[in-house]
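Participant: make a model of this:
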Amino acid sequence: MKKEGGAEVAKPKTLILVEPISTERSKLAELLDTRGVGTSEQPKIRCAVDALHYMEYLSVVLSKKKFDIKVKELQASYPDRANEALSMAKIMAKVLPGGDVEKSLCVRISESFIFDMESKRKQNGD
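Facilitator: Next comes the predicted model:
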């Protein structure tokens with residue numbers, strides 16, 4: 001018997017939102033592993049959200065100076081994704097409610113030397 005053409009019914013898909021639930025290093029590493037990003041020197045950054053979560057992890061495990069260097073490396077490797085993640089961090093640091101875990105992580109990012117340097121450049125007209 002010949003099968004007739006036509007639309008196949010799409011299978012239902014489940015979307016799972018994964019966000020930081022703690023500022024603990026191990027919990028952030030678990031989040032990165034769940035997303036398939038990893039915590040190595042060569043993360044698998046597929047989108048700005050991956051970059052943001054990786055930066056959140058780095059903000060907890062590195063000094064501000066080392067964090068600044070690592071973010072510059074991410075900007076060199078993934079310019080659009082890293083810069084979008086930095087913009088997201090700035091916004092989230094301001095708009096998320098006070099007790100939100102991700103807010104505290106984004107505040108850490110937004111207080112980094114990266115933003116200090118950006119504001120100095122703007123003040124100097126660069």
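Participant: only C-alpha atoms from now on, for both contacts and neighbour counts.
Facilitator: Will do.
Participant: my read: residue 84 touches residue 48, true?
Facilitator: Yes: taking C-alpha atoms under 8 Å as the contact criterion, residue 84 and residue 48 are neighbours in contact, 5.9 Å apart.
Participant: what's near enough to touch the residue nearest in space to the middle of the chain?
Facilitator: Nearest to the geometric centre of the chain sits residue 52, at 1.0 Å (C-alpha atoms, centre = their mean). Shown here is residue 52, whose contacts under the criterion C-alpha atoms under 8 Å, 6 or more residues apart in numbering are 82, 85-86, 88-89.
Participant: any low-confidence regions in this structure?
Facilitator: Flagging of the chain using pLDDT under 70 yields the residue ranges 1-7, 15, 113-126.
Participant: dump the residue contacts of residue 94.
Facilitator: Applying C-alpha under 8 Å, 6+ apart, the residues contacting residue 94 are residue 103.
Participant: hmm, try it at 10 Å
Facilitator: Contact criterion C-alpha atoms under 10 Å, 6 or more residues apart in numbering gives 103, 106-107, 110 as the residues in contact with residue 94.
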